[in-house]
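# coords below, sequence missing:
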C-alpha cells in the first residue's frame, strides 16, 4: 500500500518531499524479505532523489539490519549524491559486511571524477584499520571511473605509494582506450620504468587491454623483464591480442624460460594464441575474406 501510494504521488508530482515519516518508512522498506519489494522501495527512493539522502545516509551508518545497509548503499548508485561521499567512504572502509563495502565503492565510482580525491586519499591512508580489501575496493572504483576522472588522476602518478600509482595506471588505460589521450599514453609508457614491479605489471596489463597492434612490441619487450608478474602479464596480454605478431616473442620467451616458473603460463599463451589464429584463418576461408 505504501509503495502504491508513493508511486501515485510521484506520478502526479505531489509527493511531500519534507515528510520525514514517510521517507523513514520507505528506507525501512529496504529491509523487506521480498526481493522485488526491496527493489520497489529502492526505485521510489531513487525517484525521490536528494530529499531521501539524509535518511539513506543514516541507515547506511547506523541501521542494524544488514539488508537495509546493503540496499541503501546500492540506492546511492541511482541517486548519485556528491554530498554523501563521506558516508559512502565510511561504509566502504568501516562496515562489517563486505557486500555493503563493495556497494558503497560502486556508488562512489558512479559519482565519477568528483570522487577521485577521496578514493586516492583512501589508498594513501596509513591507518591500519583501512584493510587491503578496502584499498582494493578504492582501486577498483578508480579504475571504474577511468576516463571520467583523468584530470584528477594524473597528478597522483607522482605519489610515493606504489599502490596509488598502480591504481592510476589502471584507470589511465581506460582514458587512452576512450579518447586516445596522448598525455595518458606517455604516463603509461613511463609506468613501464617505474621503480615498483606492481606498477610495471599494471602498465603491461593496461597496454594489453588497449588491443592495438602498435603495442605488441611493448608487450614483447616486457617478456624480458626481471619481474615474474610483469612477464606473466605480458604473456597473457599477447595471448589475448589474437595477432600473429605476438607469437614469435612468446615462442622465444618459452625457449628462454625452459622449465622455469613461467613455463606453464607461456605454454598456455602460445597454445591459445595459435588456436585463435587458426580459428581466424578458418573463418576467413569460410567467408572468403
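Sure thing, it's come through. Values in this document were obtained by computation on a predicted structure and should not be read as measured data.

# Can you list the low-confidence ranges for the protein?
Along the chain, the parts satisfying pLDDT under 70 run over 14, 16-17, 147, 174-175, 177-181, 280-289.

# and if we set it to 80?
Applying pLDDT under 80 to the chain picks out residues 2, 6-19, 146-151, 173-181, 280-289.

# Spell out the secondary structure type for residue 134.
Assigned by DSSP: H, G, I helix; E, B strand; the rest coil, the conformation of residue 134 is helix.

# I'd say it and residue 122 touch.
Yes: look at residue 134 against residue 122 with Cβ atoms under 8 Å: they come within range, at 6.8 Å. Bear in mind the C-beta positions are built from the backbone N, C-alpha and C, glycine included.

# what do the two both touch?
By Cβ atoms under 8 Å, 6 or more residues apart in numbering, residue 134 and residue 122 have these common neighbours: 92, 93.

# Report the secondary structure element holding the nearest residue to residue 143 once chain neighbours are set aside.
Excluding its sequence neighbours, the residue lying closest to residue 143 (Cβ to Cβ, 6 or more residues apart in numbering) is residue 170, at 4.3 Å. With secondary structure defined by DSSP states H and E, residue 170 is part of helix 162-179.

# Helices along the stretch 51-200 of the chain, start to end?
Under the criterion DSSP state H, counting those that start in this stretch, the stretch 51-200 of the chain carries helices at the ranges 53-62, 66-79, 85-94, 98-111, 116-124, 132-145, 150-153, 162-179, 182-191, 197-209.

# what angle separates the fourth one from helix 116-124?
Between the direction of helix 98-111 and that of helix 116-124, the angle (axes from the mean of the first three to the mean of the last three Cα atoms, to 10 degrees) works out to 140 degrees.

# is it true that residue 65 touches residue 31?
Yes: in this structure residue 65 lies within contact range of residue 31 using Cβ under 8 Å: 4.5 Å.

# Look at the two and report which has more neighbours.
residue 31 (20 against 12; other Cβ atoms under 10 Å).

# For that one, which residues are in contact?
By Cβ under 8 Å, 6+ apart, the contact set of residue 31 is 38, 63, 65, 67, 68, 71.

# can you pick the most crowded of those?
Of all those, residue 71 has the most neighbours under the rule other Cβ under 10 Å, reaching 26 neighbours.

# Max pairwise distance over the contacts of residue 31: which two?
Largest separation among the contacts of residue 31 by Cβ to Cβ: 38 and 63, giving 13.5 Å.

# picking that back up, now the contacts of residue 31 in a markdown table, with distance to residue 106?
Formatted as a markdown table, the contacts of residue 31 follow (distance: Cβ to Cβ, whole Å):
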| residue | distance to residue 106 |
| --- | --- |
| 38 | 17 |
| 63 | 18 |
| 65 | 20 |
| 67 | 17 |
| 68 | 17 |
| 71 | 13 |
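
# Need the contact partners of stretch 117-133.
Residues contacting stretch 117-133 (Cβ under 8 Å, 6+ apart): 85-86, 89, 92-94, 98, 101, 108, 134-135, 138-139, 141-142, 145, 152-153, 156, 159, 161, 163-164, 167.
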